[in-house]
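Using only what follows, build the 3D model:
(chains A and B)
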Amino acid sequence: ETGVTQSPTHLIKTRGQQVTLRCSSQSGHNTVSWYQQALGQGPQFIFQYYREEENGRGNFPPRFSGLQFPNYSSELNVNALELDDSALYLCASTQVPSVTDTQYFGPGTRLTVL
Amino acid sequence: GNSVTQMEGPVTLSEEAFLTINCTYTATGYPSLFWYVQYPGEGLQLLLKATKADDKGSNKGFEATYRKETTSFHLEKGSVQVSDSAVYFCALSPFGTNAGKSTFGDGTTLTVKP
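Okay, the predicted model is just below:
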């Protein structure tokens, strides 16, 4: 059983650019959630993808968008990057529906916006 | 909306001391409750969980009991080790179709000194 993987590990961008982050879900999991973790804070829910469609969004603007592919992997896209977008971006996978609601996290992508 | 409040840190203890990290929550319905641990430069690791009132989650000597009457899920360990030094996050996740849309506390940094 493979765990959740994310790429790249680190990324440096400048303000106004666009970025794409990638996540492969744990085998057997069909749902991916994305979180933003600013330095010194807890993760904040961005959105979730289920059956290749967005299934709920947190308090993030439309310039944060995503995709889910038939193999359940997912992308997070951020347009018009701002300095405040600098953070650790975590994805987590789970199986819905399931008798357990446990989600498993990847190691994260550290994004720095200059 | 849902929210999680953790005791403010940082917490510094000597090896073999007793640990308590307080966590209270506000939620609609009956969420599942989690404790995650994050080591420097890494993603989140699930430490323990509880899915209904009076359930006790336990792992690696850590325990937490789901208290519906006090809306709490305090983390305890009888004897901490230097290797327990990390950031601990309390989180809740709705059950069912909203599983995986988690709300996190701000984290508590634990440092254990030999």
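
Name the helix or strand for the residue nearest to A:G58 when sequence neighbours are not counted, please.
Excluding its sequence neighbours, the residue lying closest to A:G58 (Cβ to Cβ, 6 or more residues apart in numbering or on different chains) is A:F45, at 4.0 Å. Yep, even glycine has a C-beta here, placed from its N, CA and C like the rest. According to DSSP states H and E, A:F45 maps onto strand A:44-50.

Direction-wise, compare whichever helix or strand comes after that strand with strand A:44-50 and give the angle.
Going down the chain from strand A:44-50, the next helix or strand is strand A:53-57, by DSSP H and E. Strand A:53-57 and strand A:44-50 are oriented at 150 degrees to each other (axes from the mean of the first three to the mean of the last three Cα atoms, to 10 degrees).

mind listing what strand A:53-57 pairs with, with the direction of each?
Using DSSP bridges, strand A:53-57 pairs in its sheet with strand A:44-50 (antiparallel).

can you give me the mean pLDDT across the strand it pairs with?
Averaging pLDDT along strand A:44-50 yields 95.

One more: stretch B:86-100?
On average, stretch B:86-100 scores 86.

start to end distance for it?
In stretch B:86-100, first residue to last residue: 23 Å (Cα to Cα, to the nearest Å).

ditto for stretch B:65-80
Start-to-end, stretch B:65-80 (Cα to Cα) is 18 Å.

near chain A at all, it?
No - Stretch B:65-80 stays clear of chain A (Cβ under 8 Å from any Cβ of the partner chain), getting no nearer than 13.5 Å.
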